[in-house]
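*Asks:* with the sequence up front, the predicted model follows.
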Amino acid sequence: MRLVLLGPPGAGKGTQAALLSDTLKIPHISTGDLFRANISKGTDLGKQAQEYIDAGKLVPTEVTANMVQDRLEQDDAADGFLLDGFPRTIEQAELLEKMLAEKGLHLDHVINYVVSEDVVVERMLARGRGDDNEDTIRTRLEVYRTETAPLIEHYQDILLNIDAEGNVEDITATTLDALDK
Ligand code: AMP
């Protein structure tokens, strides 16, 4: 199964992706995690991404899409994957469609985690990641609203809306249920 997780920053995509990845036996591919791993290893890619991440802005699409393409070409992603944090713009969605179409593939579903802004701010402040201070959170929510939210419409035909304000186990169960139908 080839899946994309959508939702504002702080919606719990990473937590759900890890749990879904175990159950569905497909790799969890998080662009944020890939960037953070590159930053801690001090790679060129990490250096290119750092200033954008620290400011809560999007890393340029070319850099991000190349990283995703490399990751999707690894063996463990041949039969499916769960993308978390990519695509984040219509342009990235179109690039992903192209990458998949070149192999005769397509996305099966896009899971949209629906959660209010109050709840995501609370969750981000509780998580305390380096880029989770109030200014950066405000920028990331603005980027989400203007750049990423239009993907909900873009993916209308394969979208599954999931209420993401409950507890972790219930949200996973609801997601698995929705994928089964
Ligand atoms: P995340 O862990 O998904 O919240 O991502 C953390 C940060 O990594 C974001 O605020 C962006 O700076 C960067 N990032 C992650 N995914 C993307 C993407 N698809 N396009 C551009 N930047 C991204």
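*Replies:* Received, thanks. Residues are numbered from 1 along each chain as shown.
*Asks:* which parts of the protein sit against the ligand?
*Replies:* Counting by CB under 6 Å from any ligand atom, the chain comes close to the ligand at 9, 31-32, 35, 52-53, 56-59, 64, 85-86, 88, 92, 140. C-beta here means a position set from N, CA and C on the backbone, and glycine is covered the same way.
*Asks:* got the phi and psi for the residue most central in space within the chain?
*Replies:* Geometric centre of the chain, nearest residue: residue 85, 1.9 Å, by CA atoms, centre = their mean. Main-chain torsions, residue 85, degrees, to the nearest 10: phi 100, psi 0.
*Asks:* quick check: closest non-adjacent residue to it.
*Replies:* Nearest residue to residue 85 in three dimensions, chain neighbours excluded: residue 31, at 4.2 Å (CB to CB, 6 or more residues apart in numbering).
*Asks:* how about residue 124?
*Replies:* Nearest residue to residue 124 in three dimensions, chain neighbours excluded: residue 10, at 4.1 Å (CB to CB, 6+ apart).
*Asks:* was I right about the one you found contacting residue 116?
*Replies:* No: Residue 10 is beyond contact range of residue 116, at 10.5 Å (criterion: CB atoms under 8 Å).
*Asks:* which of the two has more neighbours?
*Replies:* The neighbour count for residue 10 versus residue 116, taken as other CB atoms under 10 Å, is higher for residue 10 (26 against 12).
*Asks:* coming back round to it: which ones are touching the residue nearest to the centre of the chain?
*Replies:* Counting by CB atoms under 8 Å, 6 or more residues apart in numbering, residue 85 touches 5, 13, 30, 31, 32, 33.
*Asks:* one more time with 7 Å
*Replies:* By CB atoms under 7 Å, 6 or more residues apart in numbering, residue 85 lies in contact with 30, 31, 32.
*Asks:* again, but for residue 27
*Replies:* Counting by CB under 7 Å, 6+ apart, residue 27 makes contact with 21, 76, 77, 81, 82.
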